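# Could you look at this predicted model? Sequence included:
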Amino acid sequence: MTKVLVAEKVGASGIQLLKSHFDVELGFDWDREQVKARLGEFDGILIRSATKLDAELLAAGTKLRVIGRAGVGVDNVDVPEASRRGIVVANAPLSNVVTAAEHTLALLLALARNVPQADASLKAGRWDRSKYSGVELYEKTLGIIGFGRIGQLVAERARGFGMNLIAFDPVVSGERFRELGVTRAQTAEEVYAVADFLTLHLPKTPETTGWLNAEVLAKCKDGVRVLNVARGPLVVDSDLQAALDSGKVAGAALDVFQSEPITDHPLFAYPNVIVTPHLGASTAEANDRAGFQAAEQIVAALTGGSVTTAVNIPAIPDEDIEPLTPFLPLARALGKIAASLDEEAAVETVKVDFLGGIAARDTRLLGLNVLMGVLAAKGGAEDLNEVNAPALAKERGISTEDAKQEQARDYTDMIRVTVASASHSATVAGAVIGNLHRPHLLEAWGQRFQVQLEQHVTMFRYHDRPGMLGRVGTLFGQHGVNIVSSIVGRQPEGADQEPYAAMVITTDVAVPDALVREIAASDGFVAGVTLTL
């Protein structure tokens with residue numbers, strides 16, 4: 001039975017979900033050596049932040065197929081090494097969005113009304129009512145840098161206080177801004193110029209590290225109040241300190257820091273700075289949600305489902321998963337067929353054209369499945385999967401290219417795959433047809449037809465003469481191979497040349513390679529190939 005190790009404490013709902021599918025072992029009290037000694041027994045592991053899955057531990061996980069991280073980041077996982085080993089790494093990026101947004105609002109209110117300072121003063125025996133007079137949020141402008149899920153939830157909640165909202169995020173559509181009643185800034189500078197409160201909701205990347213620096217603060221309104229419940233490295237602490245000293249910044253609320261844990265920092269001494277020890281994701285509900293969402297991803301990875309939050313394979317938007325899922329078998333089949341038709345072993349390029357309605361969707365996973373089909377046809381690794389396929393392709397010098405066109409001739413949606421070697425190329429095309437989403441081959445060897453793809457497919461290219469299909473059928477019958485379906489496509493190649501045709505045959509058993517070679521070498525035949533999809 002498939003086994004999963006839960007290495008750290010998570011909510012009961014996540015553990016129960018795993019137990020309903022797998023043999024689950026709880027290793028809450030295991031040390032590193034115990035994990036290393038036992039990891040080879042498990043197909044999946046669920047962790048939080050304490051377990052460091054570095055290259056050494058991953059090497060011990062010889063059966064490991066998926067790592068579920070109950071939280072947002074994956075800093076404690078060697079993702080490149082996991083990818084090289086074909087291990088899916090998935091997190092729970094939506095587990096804390098509500099919690100983080102609510103904590104931002106808590107700090108926003110506390111910053112506006114000096115709540116922590118007043119609380120400490122009163123408990124110290126002072127009645128400093130006039131000293132801690134604050135400001136209203138009503139009709140103040142909240143500037144949001146980074147308008148992803150958390151930024152949007154902050155906007156929805158701040159609107160309830162009657163705040164004016166402006167945000168900058170070049171990736172989010174204008175329609176989403178309009179739905180939430182938020183002004184869309186074309187540049188971050190537009191936000192700095194008008195914000196009374198400025199909140200950061202950016203990921204930590206090389207581009208965003210040090211985002212809030214002296215240059216940015218100089219562009220802000222005098223007396224701006226700054227909040228950071230995202231990532232500590234977004235803020236240059238010394239520049240913020242200088243702005244507080246000059247009065248440019250009237251106050252700050254910080255939940256995250258450059259290095260954590262930290263209990264001694266120059267900003268902690270400022271009476272107009274509020275700090276919390278990285279509580280943005282710390283609620284009982286968020287912790288339970290993180291464990292459950294990570295468990296969901298483990299179940300999907302180990303049962304053939306769609307892993308929607310993987311960090312080392314494309315994470316497809318929810319709205320694209322259902323319409324694209326039927327195309328996954330087709331994409332892999334087309335890659336395998338195209339590579340099998342290529343006369344040379346060394347594939348150099350794989351081009352995928354997405355035509356029709358699917359071109360408007362996130363097709364990265366489809367392209368990845370095409371690549372897997374190509375690699376499988378050319379002797380891909382035994383443990384080939386969506387995770388290690390790009391690395392294997394790179395090792396073999398295979399480059400990939402995708403193109404999209406939101407119109408398709410004759411069909412609502414089509415996928416066309418071209419595989420090229422140094423001196424040869426092969427193109428195939430296919431579509432998903434009918435209510436049952438059956439994959440169909442539409443084009444190969446320059447010929448067009450429509451045939452439903454089955455597990456066993458055999459194809460021949462030949463001179464278009466009478467009796468060729470009958471010859472193949474007779475030989476198949478003599479070898480005990482039953483034909484399920486057959487179809488022929490023909491297309492003249494030139495007025496002065498004998499026309500060629502192609503036939504596609506599906507069978508209920510695999511066709512012996514020797515038989516295909518015998519037919520392909522006989523009079524009138526040009527090429528033949530058989531494969532199991």
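Arrived safely. Residues are numbered from 1 along each chain as shown.

# Where does the prediction get shaky in this protein?
Along the chain, the model assigns pLDDT under 70 to residues 315, 343-345, 379-383, 395, 492-498.

# Just checking the distance from stretch 271-289 to the centre of its chain.
Computed by Cα atoms, centre = their mean, to the nearest Å, the chain-centroid distance of stretch 271-289 equals 27 Å.

# ditto for stretch 360-379
15 Å.

# Using PDB, list the CA coordinates for it.
Taking C-alpha atoms only, stretch 360-379 is exported to PDB below (Å, rounded to 0.1, in the frame of the first residue of the first chain):
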ATOM      1  CA  ALA A 360      -6.800  31.400 -24.400                       C
ATOM      2  CA  ARG A 361      -5.900  29.200 -21.400                       C
ATOM      3  CA  ASP A 362      -2.800  28.300 -19.400                       C
ATOM      4  CA  THR A 363      -1.400  25.500 -21.600                       C
ATOM      5  CA  ARG A 364       1.900  25.000 -19.900                       C
ATOM      6  CA  LEU A 365       1.000  21.600 -18.500                       C
ATOM      7  CA  LEU A 366      -0.200  20.400 -21.900                       C
ATOM      8  CA  GLY A 367       3.200  21.400 -23.400                       C
ATOM      9  CA  LEU A 368       4.900  19.500 -20.600                       C
ATOM     10  CA  ASN A 369       2.900  16.400 -21.500                       C
ATOM     11  CA  VAL A 370       3.800  16.700 -25.100                       C
ATOM     12  CA  LEU A 371       7.500  16.800 -24.000                       C
ATOM     13  CA  MET A 372       6.900  13.700 -21.900                       C
ATOM     14  CA  GLY A 373       5.500  11.800 -24.900                       C
ATOM     15  CA  VAL A 374       8.500  12.800 -27.000                       C
ATOM     16  CA  LEU A 375      10.900  11.600 -24.300                       C
ATOM     17  CA  ALA A 376       9.000   8.400 -23.800                       C
ATOM     18  CA  ALA A 377       9.300   7.600 -27.500                       C
ATOM     19  CA  LYS A 378      13.000   8.300 -27.500                       C
ATOM     20  CA  GLY A 379      13.800   6.100 -24.500                       C
END
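
# list the buried ones in that stretch?
Going by neighbour count (16 or more other Cβ atoms under 10 Å), the buried part of stretch 360-379 is 361, 363, 365-378. (C-beta placed from N, C-alpha, C; glycine too.)

# for stretch 342-361, same thing?
Within stretch 342-361, the residues scored as buried using 16+ other Cβ under 10 Å are D342, V347, V350, K351, V352, D353, F354, L355, G356, I358, A359, R361.

# so what's the third one up against?
If I follow you right, that is V350. Contacts here follow Cβ atoms under 8 Å, 6 or more residues apart in numbering; on that basis V350 touches 335, 338, 370-371, 374, 393, 398-401, 417-420.

# with the buried residues of stretch 360-379 in mind, which one is nearest to T183?
R361 (29.1 Å; Cβ to Cβ).

# so who does that closest one touch?
By Cβ under 8 Å, 6+ apart, R361 lies in contact with D320, P323, L324.

# So which of the buried residues of stretch 360-379 are in helices?
Members of the buried residues of stretch 360-379 lying in helices (criterion: DSSP state H): 365-377.

# before we move on, what SS does V256 have?
Three-state assignment for V256 (DSSP: H, G, I helix; E, B strand; the rest coil): coil.

# What is the neighbour count of the closest residue to it other than its chain neighbours?
Leaving aside its sequence neighbours, V256 sits nearest to G232 (Cβ to Cβ, 6 or more residues apart in numbering; 4.1 Å). G232: 18 surrounding residues under other Cβ atoms under 10 Å.
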